[in-house]
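# Quick one: sequence and predicted model below, then my questions.
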Amino acid sequence: MKTGKRNSLTDVAGLRVGHAQDAALKSGATVVTGDAPFVASCHVMGGAPGTRETDLLAPDKTVQAVDALVISGGSAFGLDACSGVADGLAAMGRGFRLASALVPIVPGAILFDLLNGGDKTWSENPYRALGRAALEGAQDDFALGSVGAGTGAVCAMQKGGLGSASFVLECGVTVAALVVANPVGSATTPAGHFWAAPFEMEGEFGGKGPDPRGGLCFAPVSLKMQAMAAGIAAGANTTPCIVATDATLDKAQCHRLAVAAHDGIARAVVPAHTPHDGDIVFALSTGERAVGEDVLAQIGAAAAHCVARALARGVYEATPAPGDVLRTWRQDQS
């Protein structure tokens with residue numbers, strides 16, 4: 001396997017990604033949309049998810065394709081980013097049509113970033129506007145790190161962020177992931193080696209390599225939880241992911257892809273899928289390449305690797321900002 005041209009989600013042709021963020025708020029939203037509606041499903045493995053419209057993504061539910069997926073900061077307030085995206089899609093004439101009615105279906109997930117040092121004393125929920133701005137700014141090339149939904153993300157030992165990664169399989173199928181790293185657990189060993197290091201491609205997150213020591217069964221005391229001690233509660237974290245492929249998959253196959261991709265979180269975070277995380281993977285198919293059953297396992301394996309790499313890239317690409325509760329990985333390595 002090799003990485004795609006951009007090493008990002010938009011290596012899957014027809015997809016675009018948009019970010020919007022507020023520096024004072026230390027939060028933002030990220031939208032994935034496409035030239036055409038795409039098939040999607042999802043799977044949750046965290047104990048404290050925050051989601052919208054995800055029930056419709058089950059294989060037995062009516063809606064077969066959606067126009068956008070959203071990841072937002074803001075905890076429950078951030079679900080309103082989906083409303084802003086729905087407004088924008090309606091203005092574009094996109095959505096689920098039933099007779100004369102047009103209803104944009106916008107599934108989304110949020111992460112908890114309310115205790116990250118940003119100014120959260122808003123008088124009007126800012127996430128609807130952030131969602132629409134992210135949709136309107138969606139494009140092929142997009143930034144990583146402290147942008148969009150990753151603006152205020154925090155891991156156990158350092159600042160988190162938004163990352164992306166891709167693979168092109170030998171059969172020509174593209175698989176990619178977009179991840180926001182905001183977990184309870186740590187993305188690195190105590191010595192600063194990424195847990196995802198064995199899967200790194202071409203030094204994409206620093207090239208430090210795996211930690212050579214053994215006995216790394218438990219992560220150190222979480223600096224994140226110390227910094228947010230007054231707010232330790234269920235729902236205070238989350239690693240939301242979107243994986244995509246141009247292989248032609250139905251909703252049931254997208255669901256299976258989402259299940260497989262969760263392995264990437266477990267490879268990149270210790271501990272993963274805790275009671276206080278809302279870990280969710282959305283899986284989408286643009287349906288450009290027909291594939292046989294023998295390729296489905298390869299797509300799932302590649303998606304898990306992409307999730308692990310994307311998560312580490314999000315942490316690696318994070319940048320410092322005034323008021324941060326934790327330092328970035330690069331600051332700790334300097």
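Yep, that arrived. Numbers count the residues shown, from 1 in each chain.
# what about the stretch 1-150 of the chain, any weak spots by pLDDT?
Within the stretch 1-150 of the chain, not a single segment meets pLDDT under 70.
# which residues does Gly287 contact?
38-39, 246-249 (Cβ atoms under 8 Å, 6 or more residues apart in numbering). C-betas here are computed from N, CA, C, even on glycine.
# now Ala58
41, 251, 255.
# Number of residues surrounding Met92?
13 (other Cβ atoms under 10 Å).
# Then Gly209?
Counted by other Cβ under 10 Å, the residues lying close to Gly209 total 12.
# Name the nearest residue to it, ignoring sequence neighbours.
Nearest non-adjacent residue to Gly209, counting by Cβ to Cβ, 6 or more residues apart in numbering: Ala197, 5.5 Å away.
# quick one, what contacts that neighbour?
For Ala197, the contacting residues are 208-211, 312, by Cβ under 8 Å, 6+ apart.
# re the thing from before, among the contacts of Gly287, which one lies nearest to Val106?
Phe38 (12.7 Å; Cβ to Cβ).
# quick one: which helix or strand includes the closest one?
Using DSSP states H and E, Phe38 sits within strand 27-44.
# Give me the next element, helix or strand, following that strand.
Using DSSP H and E, the next helix or strand after strand 27-44 towards the C-terminus is strand 51-52.
# what packs against that following strand?
Applying 3 or more Cβ pairs under 8 Å, 6 or more residues apart in numbering; DSSP states H and E, one finds that strand 51-52 contacts strand 108-110.
# just the helices in this structure please.
For the chain, the helices defined by DSSP state H occupy 80-91, 127-136, 223-227, 251-268, 293-316, 329-333.
# Quick check: which of these is nearest to Ser100?
When the helices of the chain are compared by Cβ to Cβ, helix 80-91 sits nearest Ser100, at 13.3 Å.
# Neighbour-wise, give me the winner out of the contacts of Ala58.
Comparing the contacts of Ala58 on neighbour count, Ser41 comes out first with 27 neighbours (neighbours: other Cβ under 10 Å).
# So what pairs up with that one in the strands?
With DSSP bridges as the criterion, Ser41 is bridged to Ala283.
# wait, isn't it in contact with Ile280?
No. The criterion here is Cβ atoms under 8 Å, and Ser41 misses it with Ile280 at 11.2 Å.
# returning to what we had before: from the contacts of Ala197, which is closest to Thr54?
Closest to Thr54, out of all of the contacts of Ala197 and judged by Cβ to Cβ, is Ala312, at 25.9 Å.
# Make a markdown table from the helices of the chain and add distance to Gly215 to it.
Output for the helices of the chain, formatted as a markdown table (distance: least, Cβ to Cβ, whole Å):
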| stretch | distance to Gly215 |
| --- | --- |
| helix 80-91 | 42 |
| helix 127-136 | 43 |
| helix 223-227 | 21 |
| helix 251-268 | 18 |
| helix 293-316 | 21 |
| helix 329-333 | 21 |
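# which stretch in those helices has the least confidence?
Note on these: helix 223-227 shows the lowest mean pLDDT, a mean of 74.
# Check what contacts it and list those residues.
Helix 223-227 has contacts (Cβ under 8 Å, 6+ apart) with 115, 154-158, 184, 232, 325-326.
# Could you rerun that using 10 Å?
Helix 223-227 has contacts (Cβ atoms under 10 Å, 6 or more residues apart in numbering) with 115-117, 154-160, 182-186, 231-232, 236-237, 276, 324-327.
# coming back round to it: ok, which of the helices of the chain comes nearest Gly28?
Judging the helices of the chain by Cβ to Cβ, what sits closest to Gly28 is helix 127-136, at 5.8 Å.
# If you count contacts, what does that closest one end up packed against?
Contacts defined by 3 or more Cβ pairs under 10 Å, 6 or more residues apart in numbering; DSSP states H and E place helix 127-136 against strand 15-22, strand 27-44, strand 66-72, helix 80-91.
# Which one of these lies nearest to Arg289?
Arg289 sits nearest to strand 27-44 of all the helices and strands packed on helix 127-136, at 13.2 Å, using Cβ to Cβ.
# Please point out which parts of the closest one sit buried.
Of all the residues in strand 27-44, those buried under the rule 16 or more other Cβ atoms under 10 Å are 27-34, 37-44.
# same check, this time on stretch 172-181
The neighbour-count check on stretch 172-181 (16+ other Cβ under 10 Å) flags 173-181 as buried.
# Which of those fall within strands?
Taking DSSP state E, the ones among the buried residues of stretch 172-181 that sit in strands are 174-181.
# circling back: can you select the buried ones from the contacts of helix 223-227 in PyMOL?
The buried residues among these can be selected in PyMOL (16+ other Cβ under 10 Å) with this line:
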select buried, resi 115+116+117+154+155+156+157+158+159+160+182+183+184+185+186+236+237+276+324+325+326+327
